[in-house]
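Q: after the sequence you'll find the predicted model.
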Amino acid sequence: MDEAQQEIKEIKGLKKKQLLWGNLFMLVLFLFLNYFLENGKILFLTWVLLISLLIIIALSLYTLISGTLVGTKTTRRIRAFDRKRWGEKKWKLLKITEIVLLTGLGVGLAALVFNTNFDSPNQTFIGSAFPFIGGWVGYNLGEISRIKKLKEQAANG
């Protein structure tokens, strides 16, 4: 087995590990969201999400500008592999797209915070789990398909 196939096999294992941790994180996040929504703490939850988005955007900008990868050892290894595989130009384009989308989400969330009356008694949050679960399923399908592409790439050598 040559070095490239060995690297792909290593990355495949790391991506599976990252998927497992991602699902654990999503489960904990889902439980927190459920708790806060049921106890009427939607404003607090919205601010936490907004601040988290700002931190993620700042880290993404730092990575784009400096080229330094931020995260755990596993995450840095996977991102370095993807960066090398995609090439510098495509990597920068994807990073810029990520920053623009996250900024748009942050602006939308900020508009929600400043333009919604969260104390209104007729606010209903029934069905708020469906978008989260849809995102969770989408995350899993995307990661599984990327892992399968790595398998195919390793098999084709």
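A: Looks like it arrived, so ask away.
Q: average pLDDT for the one helix or strand residue 130 maps to?
A: Residue 130 is part of helix 129-156, with elements assigned from DSSP states H and E. For helix 129-156, the mean pLDDT works out to 82.
Q: repeat that for stretch 80-88.
A: The model assigns stretch 80-88 a mean pLDDT of 89.
Q: residues in contact with that stretch?
A: 7, 11, 69, 91, 94 (C-beta atoms under 8 Å, 6 or more residues apart in numbering). In this view, the C-beta of every residue, glycine as well, is placed from N, C-alpha and C.
Q: of those, buried ones?
A: Among the contacts of stretch 80-88, the ones that count as buried by 16 or more other C-beta atoms under 10 Å are 11, 91.
Q: residue contacts, the residue positioned nearest the centre of the chain?
A: Taking C-alpha atoms, centre = their mean, the centroid of the chain lies closest to residue 139, which sits 8.0 Å from it. Contact partners of residue 139, counting by C-beta under 8 Å, 6+ apart, are 22, 26.
Q: lowest-confidence helix or strand of the chain?
A: Between all helices and strands in the chain, the lowest mean by mean pLDDT, DSSP states H and E belongs to helix 129-156, at a mean of 82.
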